[in-house]
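J.: From the sequence below, what's the structure:
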Amino acid sequence: MATSLHESIALTRNRLSRRRFLHHVSAAGVATGMLGFRDMISLQAEELRRQGKSMILLWMAGGPSQMETFDPKPKHANGGETRVISTSIPGVQISEHWPSMAKMMNEVSLIRSMTNKEGNHQRATYQMHTGYIPSGSVKHPGIGSCIAQQLADPETDLPSVVSIGQTQGAGFLGVDYEPFNVNSPGEMPLNLATSKTDQRFSRRLGLLGKLDGEFAARGAQAEVRSHQQLYNKASKLVLSPRTETFDLSKESEELTRAYGDSDFGRSCLLARRLVESGVTFVEIRSNGWDTHQDNFTAVANKANEVDPAAATLLQDLKDRGMLDDTLVVWTGEFGRSPRVNARGGRDHFPVAFNSWMAGSGVKRGQVIGSTSKDGTSIEDRPVPVADFLQSVCHSLNVDADHENISPLGRPMKVVDGGELVDELFT
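T.: This is a model prediction of the structure:
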């Protein structure tokens, strides 16, 4: 009997745990003397790839105001005009602009004590994506590329990293882990798998290979190698029948409406389809959170797009049995100033901001850390960027201390320092 799609997904995700796998392999291998250290590392890496772990990053570009999202201050003047609503976590309130997420907070670990020193958009965004401060000499890989390096199936015909909008590139990890960019969710990538033009495409690739060979013979081997890797990746995708993963018309009207009639809603729906098909990392970018003026109206409008989509994504993943293996992260590069400026806006504020995680082993229905009554400082459990990224890696069973060699010959860990936020998992 043929295996259904949902049965296949269940079989893919129902794997031995990492600990059980290593226990059985090490016991058998060591006993027989057949496995050496390198064999063990190789088998461990292969098991990680089979676990079906994935991550969806909901990136709020510009720095969302914590006061108008998940750490409101209704009893202080700094709270402004924002009102609060209760959530599915008893005693926990969030901004009125997030009614759908309020119902899903029992699936989330909310961190109200994120902190950093970088108040510049570009520098803070780079650090939140790579774990490193920007450097003129090294282009660090984004966390999505590092995750894919350890978890993704190298033989898949879908990209392992997908960016819906824009994200940090693969840096010195190279084109194998470079994100595939989707500019408009719902648009299908060019597909030649069932077209008569696929033969023409193959002939053109053959001609390109000859030209590359001549170029390489003249001393450009490295450039040609990168060029061929890029075209091989693109060829796999355009010749694959699995490009239908990008086709949102296959979803029900009811579910599509639940995600919302917005690019962000369609992006979240696409992200679910992608991870369901084996994509390891998807980032969705929501622009417009840099609210130096008219903060309250701007945040209300942005939340109207993001709130139903984010909440539906969590529920959809849960309903399909995927949330246990999919980490969903909501964050921006920093927060906004507690004091409202003369233009009715809030300015950059890295001292204290909020983020949340859900799924993939993260404890549900809790709040970690707190800020002062006026929102100007952290009162309890500060969570620096490095600790946050260490916890992301831990959730996915990714080795944050794994070292890649930079072009300058320096070993560089996936995350530079930091400690695990234990409360996220206990």
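
J.: Can you pull out the low-pLDDT segments for the stretch 201-350 of the chain?
T.: 201-241 (pLDDT under 70).

J.: ok, now with 50
T.: 224, 227 (pLDDT under 50).

J.: Now do the strands in it.
T.: Taking DSSP state E, counting those that start in this stretch as the criterion, the stretch 201-350 of the chain contains strands spanning 281-286, 326-331, 335-336, 348-349.

J.: looking at these, which is closest to Glu155?
T.: Smallest distance to Glu155 across those (CB to CB): 17.1 Å, for strand 281-286. To be clear about C-beta, it is placed using only N, CA and C from the backbone, and glycine gets the same treatment.

J.: Can I get the strands of the stretch 201-350 of the chain in JSON lines including mean neighbour count and distance to His292?
T.: Shown next, in JSON lines, are the strands of the stretch 201-350 of the chain (neighbours: other CB atoms under 10 Å; distance: least, CB to CB, whole Å):
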{"stretch": "strand 281-286", "mean neighbour count": "26", "distance to His292": "17"}
{"stretch": "strand 326-331", "mean neighbour count": "24", "distance to His292": "20"}
{"stretch": "strand 335-336", "mean neighbour count": "28", "distance to His292": "9"}
{"stretch": "strand 348-349", "mean neighbour count": "20", "distance to His292": "9"}
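
J.: quick one, which of these is nearest to Glu178?
T.: Using CB to CB, the nearest of the strands of the stretch 201-350 of the chain to Glu178 is strand 281-286, at 11.8 Å.

J.: For the closest one, list the C-alpha coordinates in PDB.
T.: C-alpha atoms of strand 281-286 as PDB (Å, rounded to 0.1, in the frame of the first residue of the first chain):
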ATOM      1  CA  PHE A 281      15.800  27.100   7.900                       C
ATOM      2  CA  VAL A 282      13.300  29.700   6.800                       C
ATOM      3  CA  GLU A 283      13.400  33.400   7.700                       C
ATOM      4  CA  ILE A 284      10.500  35.700   7.100                       C
ATOM      5  CA  ARG A 285      11.100  39.400   7.200                       C
ATOM      6  CA  SER A 286       8.600  42.000   8.400                       C
END
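
J.: Which of the strands of the stretch 201-350 of the chain sits closest to Ser370?
T.: Among these, strand 335-336 sits nearest to Ser370 (CB to CB), with 14.0 Å.

J.: which residues touch that closest one?
T.: 63-67, 114, 291, 295, 346-354 (CB atoms under 8 Å, 6 or more residues apart in numbering).

J.: The same query, at a cut-off of 6 Å, please.
T.: With contact meaning CB atoms under 6 Å, 6 or more residues apart in numbering, strand 335-336 is reached by 65-66, 346, 349, 353.

J.: So for the protein, the centremost residue is which one?
T.: Leu57 (3.0 Å; CA atoms, centre = their mean).

J.: just checking, that one touches Glu283?
T.: Yes. Leu57 is within contact range of Glu283, at 4.4 Å (criterion: CB atoms under 6 Å).

J.: residue ranges for the helices of the stretch 51-200 of the chain, please.
T.: 99-104, 121-130, 143-151, 198-217 (DSSP state H, counting those that start in this stretch).

J.: Generate a ChimeraX selection restricted to the buried subset of the contacts of strand 335-336.
T.: A single ChimeraX command suffices to select whichever of the contacts of strand 335-336 are buried according to 16 or more other CB atoms under 10 Å:
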select :65,66,346,349,353
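
J.: would you turn the contacts of strand 335-336 into a markdown table with distance to Lys373?
T.: Converted to a markdown table, the contacts of strand 335-336 look like this (distance: CB to CB, whole Å):
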| residue | distance to Lys373 |
| --- | --- |
| Ser65 | 17 |
| Gln66 | 14 |
| Arg346 | 17 |
| Phe349 | 16 |
| Phe353 | 17 |
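
J.: the domain parsing of this structure - what is it?
T.: By the assignment in automatic domain parsing, the chain contains the domains 36-187+250-424, 192-239.

J.: what sits against Lys103?
T.: Per CB under 6 Å, 6+ apart, neighbours of Lys103: Ser88.

J.: what do you get for Thr69?
T.: By CB under 6 Å, 6+ apart, the neighbours of Thr69 are Ser95.

J.: residues near the residue nearest to His121 when sequence neighbours are not counted, how many?
T.: Once flanking residues are discounted, His121 sits nearest to Glu333: 6.2 Å by CB to CB, 6 or more residues apart in numbering. By the criterion of other CB atoms under 10 Å, Glu333 has 29 neighbours.

J.: Please report how far Glu333 lies from Gly265.
T.: 23 Å (CB to CB, to the nearest Å).

J.: For the nearest residue to Met128 once chain neighbours are set aside, give its distance to Ser163.
T.: Leaving aside its sequence neighbours, Met128 sits nearest to Glu333 (CB to CB, 6+ apart; 5.3 Å). Per CB to CB, Glu333 is found 16 Å from Ser163.

J.: how about the contacts of strand 335-336, which pair is most distant?
T.: Applying CB to CB across those, the maximum distance is between Arg346 and Phe353, 11.1 Å.

J.: close enough to count as contact, Ser65 and Gly345?
T.: No. Distance between Ser65 and Gly345: 9.2 Å, which falls outside the contact criterion (CB under 6 Å).

J.: in the sheet, who's paired with Glu403?
T.: Taking DSSP bridges, one finds Lys413 as the beta-bridge partners of Glu403.

J.: what's the answer for Leu110, then?
T.: Trp356, Val367.

J.: Kindly state the pLDDT recorded for it?
T.: We have a pLDDT of 98 for Leu110.

J.: same thing with Asp399?
T.: 97.

J.: In three-state terms, label it for me.
T.: coil (DSSP: H, G, I helix; E, B strand; the rest coil).
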